[in-house]
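Chemist: Using only what follows, build the 3D model:
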Amino acid sequence: MRRYILTRLLKSIFAIFIVVAIVVTMVFTMIPRSNIFAKDTIINKLNGNQLYLYKMSTLSSLGYLSFYTQNEMCSIKSDKYDECKKVGSAESKRVFEEFVKKGYTLKTLDQGGDLDGQTVAFRDYKPYELIARYFGNLFFVDHLYRVNDPKNKNMKRYYSFGGNAGNWGLQCSGCTYKYQVYFNSQFPFIHQNVIALNFGKSYPTFSGVNTMEVIGSPQGKPKPFKQIMPSGKEMVSPILQGTCRYKYTVDELDKQKFNDNYADCMQANEAPSMIVTSYLFGILSLLIAYLIAIPAGIAMSRNKGKFQDKLGILYINLLIAIPSLAFIFLMKYLGFVIGMPDSFPQLGFGNVKSYVMPVVILGLLSTPGIMMWLRRYMIDQSNSDYVKFARAKGLSNREIFKNHILKNAIIPFVNGIPSSIILAISGSVITETVFAIPGMGKMLPDAITSANNTMVITLTFIFTSLSIFSVFLGDILMTLVDPRISLDSKKGE
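Modeler: Predicted structure coming up:
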């Protein structure tokens with residue numbers, strides 16, 4: 001088993017790498033770059049050289065290309081910085097030649113403005129460079145020398161134990177995050193900022209925010225609470241001190257709350273994050289689906305050809321035949337008739353009624369498949385030789401179904417349970433859109449529409465990883481349900 005698990009994990013990681021590498025290559029090379037700026041409102045305020053520099057800097061920050069202004073080229077390659085900055089100087093030409101040898105294309109700014117005559121250099125990344133850069137930056141590891149602040153060259157770098165505002169743990173001076181590991185009363189009670197996945201920054205929607213923060217940050221209005229700030233003042237604030245990062249420029253308001261530069265903090269909000277919202281709806285609807293479909297599927301198989309079976313088949317055919325969108329709107333109307341809200345924001349997260357119709361709809365839409373396959377598995381098992389033998393021994397139908405047929409029929413069904421639970425996180429595009437639920441379901445189509453390519457890659461990575469590992473867990477679960485199943489290959493096989 002250990003060998004199988006190790007081999008399967010390695011294959012899973014390789015599969016994730018291949019899928020994400022293909023998506024990275026397609027996104028960065030095949031999608032027109034003009035689409036990226038289609039929904040960026042900032043470009044409407046710029047013109048001339050400033051517009052060109054903004055676009056090139058944005059493409060550079062998103063990982064499309066390497067881009068340098070003349071001042072940046074001079075600071076990197078020249079010991080005569082002031083001379084190099086002069087337009088047409090011999091030193092600037094020497095520096096430009098070095099960049100050209102490395103494959104850079106030079107462009108002289110001539111679109112109007114104070115920067116006319118300045119030279120910039122850019123080079124598109126090749127596909128293998130795009131992949132290498134993406135995976136090379138995938139893991140963020142915090143350490144003592146992460147912060148390099150020219151305004152704070154003499155900052156002390158050290159680790160210490162301390163705490164505030166209900167947090168206690170390992171603190172750092174010189175790291176990006178002040179709290180490296182901390183403990184508080186919020187599940188899972190132990191938190192860390194040392195290692196994290198870095199998928200890049202979202203753009204143009206949620207511009208400049210890490211994609212995982214967009215997905216995982218709480219939503220809604222700020223939720224302030226009484227706490228003692230690092231400055232020693234007791235305040236009512238939504239700031240979560242365990243999330244505070246180094247801020248290179250602090251203002252007077254920051255100085256009232258903090259006694260150092262660790263003033264860039266997340267805040268507590270009233271509503272859960274997108275990922276938690278989708279998962280909550282997904283799990284509740286899955287629970288409803290199983291509570292309805294499993295007993296119904298068993299009843300259909302035990303009464304094959306009878307009224308219960310015919311009624312179940314009619315139900316399955318109706319739900320399969322009716323388009324999902326039509327069913328959702330029909331249920332939404334029926335819910336409105338009995339007093340349920342027709343959109344989630346009407347009553348919000350704090351009211352149970354907000355969840356009823358979306359959860360019921362998602363649950364019912366999942367029942368036909370579960371009922372159909374469970375019925376099929378159980379009927380197939382009913383025709384097996386061991387069932388005939390059990391009947392010959394005088395066992396009742398109830399005993400045969402309970403102790404033999406159900407036990408064997410449930411094995412392939414169990415294989416899909418981890419996938420159903422884990423992939424509930426992905427949400428439902430149509431249902432979340434119809435009820436205006438702020439979840440993950442519509443994030444991928446929205447990201448594609450707005451050309452938020454970093455978010456597209458992030459979601460692809462998440463969904464691919466969850467899908468692959470859920471299948472792996474399904475195989476493991478089957479061996480727990482039926483010890484006769486072995487995942488280890490034997491000699492001669």
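
Chemist: Please point out which parts of stretch 57-74 sit buried.
Modeler: Buried residues in stretch 57-74, counted by 16 or more other Cβ atoms under 10 Å: 58-59, 62-70, 73-74. Backbone N, C-alpha and C define where each C-beta goes, glycine included.

Chemist: Among the residues you listed, which lie within helices?
Modeler: If you go by DSSP state H, the buried residues of stretch 57-74 have Thr58, Leu59, Gln70, Met73, Cys74 in helices.

Chemist: and the last one, what does it touch?
Modeler: Translated: Cys74. Each residue near Cys74 by Cβ atoms under 8 Å, 6 or more residues apart in numbering is listed here: Tyr81, Cys84, Lys85, Glu91, Ser92, Val95.

Chemist: Could you rerun that using 6 Å?
Modeler: Tyr81, Cys84, Lys85 (Cβ atoms under 6 Å, 6 or more residues apart in numbering).

Chemist: for the fourth one, same thing?
Modeler: Contacts were defined as Cβ under 6 Å, 6+ apart; by that measure Met73 touches Val95.

Chemist: Look up how far Gly112 lies from it.
Modeler: From Met73 across to Gly112, the span is 22 Å (Cβ to Cβ, to the nearest Å).

Chemist: Over to the first one?
Modeler: The spacing between Thr58 and Gly112, counted by Cβ to Cβ, is 20 Å.

Chemist: about what we covered before: filter the contacts of Cys74 down to the buried ones.
Modeler: Neighbour-count burial (16+ other Cβ under 10 Å) applied to the contacts of Cys74 gives Cys84, Lys85.

Chemist: Mind checking which of the contacts of Cys74 are in helices?
Modeler: Per DSSP H, those map to helices at Tyr81, Cys84, Lys85.

Chemist: Confirm for me that the second one is in contact with Ala90.
Modeler: In this case it means Cys84. No. The criterion here is Cβ atoms under 6 Å, and Cys84 misses it with Ala90 at 9.4 Å.

Chemist: for this protein, which spans come out with low pLDDT?
Modeler: Counting by pLDDT under 70, the chain has low-confidence residues at 1, 426-427, 482-493.

Chemist: what domains does the record give for it?
Modeler: Per automatic domain parsing, the structural domains of the chain span 2-136, 150-197+224-267, 274-441.

Chemist: would you list these in CSV and tack on distance to Gly474?
Modeler: Formatted as CSV, the domains of the chain follow (distance: least, Cβ to Cβ, whole Å):
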stretch, distance to Gly474
domain 2-136, 11
domain 150-197+224-267, 24
domain 274-441, 4
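
Chemist: most neighbours per residue, which of these?
Modeler: Counting by mean count of other Cβ atoms under 10 Å, domain 274-441 has the highest mean neighbour count of the domains of the chain, with a mean of 17.

Chemist: Which helix or strand contains Met300?
Modeler: Assigned by DSSP states H and E, Met300 belongs to helix 274-302.

Chemist: Contacts only, for Val356.
Modeler: Shown in contact with Val356 (Cβ under 6 Å, 6+ apart): Met340.

Chemist: Confirm it sits in a helix?
Modeler: Yes. Using DSSP: H, G, I helix; E, B strand; the rest coil, the assignment for Val356 is a helix.

Chemist: what's Ala196 in contact with, if anything?
Modeler: Taking Cβ under 6 Å, 6+ apart, we find Ala196 in contact with Phe140.

Chemist: now do Ala15
Modeler: By Cβ under 6 Å, 6+ apart, the contact set of Ala15 is Ile468.

Chemist: So what does Leu240 have for phi and psi?
Modeler: Main-chain dihedrals, Leu240, degrees, to the nearest 10: phi -100, psi 100.

Chemist: quick one: it from Gln186, how far?
Modeler: Leu240 is 9 Å from Gln186, where distance means Cβ to Cβ.

Chemist: now Gly232
Modeler: Counting by Cβ to Cβ, the gap from Gly232 to Gln186 is 24 Å.

Chemist: can you check Arg123 too?
Modeler: 46 Å.

Chemist: count of residues packed around the nearest residue to Ala271 once chain neighbours are set aside?
Modeler: Nearest residue to Ala271, sequence neighbours excluded (Cβ to Cβ, 6 or more residues apart in numbering): Gly220, at 3.3 Å. Counted with other Cβ atoms under 10 Å, the neighbours of Gly220 add up to 14.

Chemist: Gly220 contacts Glu270, doesn't it?
Modeler: Yes. Assessed by Cβ under 6 Å, Gly220 is found in contact with Glu270 at 4.1 Å.

Chemist: isn't there a strand covering Lys107?
Modeler: Yes. Looking at Lys107 with three-state DSSP, it is inside a strand.

Chemist: Helix or strand: which one has the closest residue to it other than its chain neighbours?
Modeler: Of all residues not flanking Lys107 in the chain, Val120 sits nearest, at 5.4 Å (Cβ to Cβ, 6+ apart). If you go by DSSP H and E, Val120 is part of strand 119-124.

Chemist: from what I can see Leu65 touches Val120, true?
Modeler: No. Assessed by Cβ under 6 Å, Leu65 is found out of contact with Val120, at 11.3 Å.

Chemist: on that earlier part again, does the helix holding Met300 pack against any helices or strands, and if so which?
Modeler: Here helix 274-302 touches helix 211-216, helix 307-321, helix 353-382, going by 3 or more Cβ pairs under 6 Å, 6 or more residues apart in numbering; DSSP states H and E.

Chemist: Let's see that with 8 Å instead.
Modeler: Packing contacts for helix 274-302, counted by 3 or more Cβ pairs under 8 Å, 6 or more residues apart in numbering; DSSP states H and E, involve helix 211-216, helix 307-321, helix 353-382, helix 417-422, helix 429-434.

Chemist: got TSV for those, with distance to Pro445 too?
Modeler: Formatted as TSV, these follow (distance: least, Cβ to Cβ, whole Å):
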stretch	distance to Pro445
helix 211-216	15
helix 307-321	24
helix 353-382	18
helix 417-422	21
helix 429-434	6
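
Chemist: Distance of the residue nearest to Lys107 relative to Ser217?
Modeler: 35 Å.

Chemist: Now the helix or strand harbouring Gly220: buried residues?
Modeler: Per DSSP H and E, Gly220 falls inside strand 219-222. Within strand 219-222, no residue counts as buried by 16+ other Cβ under 10 Å.

Chemist: C-terminal to that strand, what's the next element?
Modeler: With DSSP H and E, the next secondary element past strand 219-222 is strand 225-228.

Chemist: And for that following strand, what's in contact with it?
Modeler: Residues outside strand 225-228 that contact it (Cβ under 8 Å, 6+ apart): Asn164, Ala165, Gly166, Glu234, Met235, Val236, Ser237, Pro238, Ile239, Gln241, Ala268.

Chemist: again, only using 6 Å
Modeler: Residues external to strand 225-228 that are found in contact with it (Cβ under 6 Å, 6+ apart): Asn164, Ala165, Glu234, Val236.

Chemist: Same check on stretch 260-276?
Modeler: Residues contacting stretch 260-276 (Cβ under 6 Å, 6+ apart): 178, 215-223, 238-240, 243-247, 250, 254, 349, 439-440.

Chemist: Over to stretch 397-413?
Modeler: Under the criterion Cβ under 6 Å, 6+ apart, residues Arg302, Leu374, Tyr377, Met378, Gln381, Ser382, Ala390, Met478, Val481, Asp482 lie in contact with stretch 397-413.
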